[in-house]
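Asker: Let's see this in three dimensions:
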Amino acid sequence: MRLWPFLPFLALALAQAPKPLQVGTLAGEALYPGGLGVAYGEARLLARGLGLALWRGEDRVALGLGSRFRNFPVLGQEKEAAKKGAAWKREDGVYVPLRPLAEALGLQYRAQVGVALSLPWARLLGVERTSRRILLRFSREVNALKQEGGVLFLLAQGAEPGLEQKALGLFLPLDTPPDRLYYPGGGQVALEWGAPPRPTPQVLLDPGHGGADPGLVVEGLQEKDLTLDLARRVAARLPGSRLTRTRDETLPLEARLQKAKTASVVVSFHVTRGSGLNLYLPKTRSTPLAQNAEALLKTAPKEQAALLRVYAGDPRLLAEALARAFSTLGLVVAQAEGPYALTDVPGAAVVLEVGAERLRTEEARKTLAQAVAQGIRQYLEAP
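Answerer: This is a model prediction of the structure:
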């Protein structure tokens with residue numbers, strides 16, 4: 001009997017068969033639901049083996065490492081789950097796709113005979129202490145666990161005075177457990193005591209172009225100058241607001257986006273020909289917090305909605321508030337899908353494009369700035 005015609009099918013079957021899975025020091029099986037070549041691992045095994053946080057809901061599962069996390073919808077049909085990159089619900093647990101999880105959390109992924117996921121030990125870079133707060137900085141994101149007598153930082157090591165090296169990580173002895181433990185990002189872990197300070201929304205105004213990039217030039221008026229002037233006027237009416245640039249300088253998009261990551265509201269100013277007003281909004285949102293914020297802001301109680309607006313927001317609600325403010329001046333605003341960069345901003349971010357004809361006089365600029373400031377205030381104060 002000749003076997004060679006069946007060899008391709010045999011190779012494919014072997015490729016989809018369960019393979020060894022190494023998760024830190026723990027061993028399990030990597031499964032390939034639907035025979036589509038996508039490796040899956042059991043969520044509880046991944047959490048135990050790498051010290052990840054695990055959340056499980058009715059139709060969703062998420063794993064986290066410090067400020068980074070990846071959530072997956074849970075589906076019962078294995079082929080559908082593999083096609084959509086979703087989690088797969090099996091009798092013995094919930095399985096998640098390994099490569100997307102590794103990319104989201106910064107895990108080391110190796111696929112040879114089987115699949116191996118690992119996490120290098122984090123190095124302690126420094127500790128900042130005040131009477132009510134301790135901030136620890138690590139070389140990567142870490143998870144921390146409150147334990148009796150202190151806090152354990154999993155898979156972390158260091159020689160800072162006052163901390164003890166344990167088999168599972170770095171232990172910080174404490175007489176009083178912290179009231180709050182959270183992850184500000186960038187490998188940081190914050191411990192705080194006492195009543196939390198009330199956060200305030202951060203408004204970021206972005207004058208488009210600048211420096212070597214003059215933008216549009218209309219009858220001697222440069223876009224970079226018009227946007228900076230308008231942003232300054234709006235900032236003067238919104239105490240505490242910030243500008244991405246305060247002078248004529250070249251500012252790359254990456255630098256603008258970095259500043260926007262911590263802002264509750266972002267308005268990027270640009271200029272076009274004519275007298276129109278255009279608002280550009282993101283088509284989608286890339287961060288889970290931003291994706292959920294749009295639904296939560298419509299249903300959350302007032303105090304919770306106000307707190308949520310500090311960290312994330314709904315660009316559509318901001319656009320509506322700005323449109324209402326402009327309507328009091330008899331101005332109609334057109335809305336359209338904006339640049340892809342807006343999708344990565346967790347706050348309410350829009351691009352406002354103003355016709356150059358509306359910025360020719362001192363009075364016109366003053367009136368327009370007042371409307372923009374009013375729209376932002378209405379958005380932040382909305383019930």
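Asker: Contacts only, for L317.
Answerer: The contact partners of L317, by CB atoms under 8 Å, 6 or more residues apart in numbering, come to L297, A348, Y379, A382. Where you see a C-beta, it was placed from the backbone N, CA and C, and this is true even at glycine.
Asker: so where does R233 fall, helix or strand?
Answerer: helix 223-236 (DSSP states H and E).
Asker: Return the distance of that helix from the chain's centre.
Answerer: Per CA atoms, centre = their mean, to the nearest Å, the displacement of helix 223-236 from the mean C-alpha position of its chain is 28 Å.
Asker: now do stretch 101-115
Answerer: Stretch 101-115 has its average C-alpha position 22 Å from the chain's average C-alpha position, going by CA atoms, centre = their mean.
Asker: what residues does that stretch touch?
Answerer: Where contact means CB under 8 Å, 6+ apart, the residues beyond stretch 101-115 that reach it are 19-22, 30, 39, 41, 46, 50, 52, 63-65, 68-70, 98-99, 116-120, 140-141.
Asker: so how far is S264 from D314?
Answerer: Distance, D314 to S264, by CB to CB, to the nearest Å: 11 Å.
Asker: which residues do the two both contact?
Answerer: The contact lists of D314 and S264 share A348, where a contact means CB under 8 Å, 6+ apart.
Asker: E78 contacts P33, doesn't it?
Answerer: Yes. The pair E78 and P33 qualifies as a contact (CB atoms under 8 Å) at a distance of 3.3 Å.
Asker: Looking at those two, which one has more neighbours?
Answerer: Applying other CB atoms under 10 Å to E78 and P33 shows that P33 carries more neighbours, namely 22 against 19.
Asker: phi, psi of that one?
Answerer: The main-chain torsion angles of P33 are listed as degrees, to the nearest 10 and equal phi -60, psi 140.
Asker: can you give me the helices for this structure?
Answerer: Taking DSSP state H as the test, the helices found in the chain are 7-16, 43-50, 78-84, 98-105, 223-236, 253-260, 288-299, 302-311, 315-327, 362-381.
Asker: and P100, what does it touch?
Answerer: Applying CB under 8 Å, 6+ apart as the definition, the contact partners of P100 turn out to be R70, G85.
Asker: Could you check the pLDDT of it?
Answerer: pLDDT recorded at P100 is 95.
Asker: Quick check: neighbours shared by E78 and P33?
Answerer: Contacts common to E78 and P33, judged by CB under 8 Å, 6+ apart, are W88.
Asker: what's across from V127 in the sheet?
Answerer: Beta-bridge partners for V127, by DSSP bridges, are L136.
Asker: Give me the neighbour count for it.
Answerer: As a burial measure, V127 scores 15 neighbours (other CB under 10 Å).
Asker: can you check the one 5 residues further on too?
Answerer: Residues lying near R132 (other CB under 10 Å) number 13.
Asker: surely it meets L191?
Answerer: No. Judged on CB under 8 Å, R132 makes no contact with L191 at a distance of 9.5 Å.
Asker: Name the residue closest to the centre of this protein, please.
Answerer: Among the residues of the chain, the one closest to the centroid is T287, at 4.2 Å (CA atoms, centre = their mean).
Asker: just to revisit the earlier point, what is the orientation angle of the helix holding R233 with helix 362-381?
Answerer: 60 degrees (axes from the mean of the first three to the mean of the last three CA atoms, to 10 degrees).
Asker: can you list contacts of helix 223-236?
Answerer: Outside of helix 223-236, the residues within contact range by CB under 8 Å, 6+ apart are 205-211, 213-217, 241-243, 245-248, 267, 269-271, 354, 356, 359, 365-366, 368-369, 372-373, 376.
Asker: What residues sit buried inside that helix?
Answerer: Across helix 223-236, burial judged by 16 or more other CB atoms under 10 Å covers E223, K224, D225, L226, T227, L228, L230, A231, R233, V234, A235.
Asker: Please tabulate those in TSV, including the columns distance to G169.
Answerer: Compiled in TSV, those are given as follows (distance: CB to CB, whole Å):
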residue	distance to G169
E223	52
K224	50
D225	54
L226	54
T227	49
L228	49
L230	51
A231	46
R233	51
V234	47
A235	45
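Asker: Out of those, which comes closest to K166?
Answerer: The nearest member of the buried residues of helix 223-236 to K166, counting by CB to CB, is A235 at 49.3 Å.
Asker: quick one, phi psi at the closest residue in space to that closest one that isn't next to it in sequence?
Answerer: In space, not counting the residues next to it along the chain, A235 is nearest to S241; the distance is 4.7 Å by CB to CB, 6 or more residues apart in numbering. Dihedral angles of S241 (phi, psi; degrees, to the nearest 10) stand at phi -70, psi 160.
Asker: can you list the domains in this structure?
Answerer: Per automatic domain parsing, the structural domains of the chain span 4-118, 122-192, 203-381.
Asker: What is the end-to-end distance of the shortest one?
Answerer: It refers to domain 122-192. The distance separating the two terminal residues of domain 122-192, taken as CA to CA, to the nearest Å, comes to 22 Å.
Asker: quick one: low-confidence parts of the stretch 251-383 of the chain?
Answerer: When residues are selected by pLDDT under 70, those of the stretch 251-383 of the chain lie in 294, 383.
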